[in-house]
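Visitor: can you look at this prediction? I've put the sequence above it.
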Amino acid sequence: MSGRPPASKRASAVRVEIGELVLDGFRADPALVSAAFENELARLVRLHGVPLAANGAVTVDALGGLAALPAGLSARRLGQELARAVHEGLSGHGEVTL
């Protein structure tokens, strides 16, 4: 008997690829925003998965209708809020172009 959970109990692999993230009107360091974004999105996917992909692989070309963010956020906070907005889109909220 192995210590691995049965296949039905194992987490499936999730791959989220963001082609481009455009930040107009923000003065935060893009590298810090990107790191915070990646960390928060990975955390959200681990906790909640990607509901749009619940029935198998899905490709999303664009997410729209996401909440506006204040321009004065720190790089860390901006990255976190962007990740939350993207995860909301991947959860079926906002406008999704498949």
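Guide: Structure received.

Visitor: can you pull the contacts of Gln80?
Guide: Neighbour list for Gln80: 36-37, 40 [criterion: CB atoms under 8 Å, 6 or more residues apart in numbering]. All C-beta atoms are positioned from the backbone trio N, CA, C, and that covers glycine.

Visitor: so what's the residue count around Arg43?
Guide: Residues near Arg43, counting by other CB atoms under 10 Å, number 13.

Visitor: in which helix or strand would I find it?
Guide: Element membership for Arg43, per DSSP states H and E: helix 30-48.

Visitor: can you pull out the helices in the chain?
Guide: For the chain, helices defined by DSSP state H occupy the ranges 30-48, 75-90.

Visitor: pick the most deeply packed of those helices.
Guide: helix 75-90 (a mean of 20; mean count of other CB atoms under 10 Å).

Visitor: and for stretch 34-48, what are the contacting residues?
Guide: The contact list for stretch 34-48, computed with CB under 8 Å, 6+ apart, reads 14, 16, 21, 75-80, 82-84, 86-87, 91.

Visitor: thanks a lot, see you next time.
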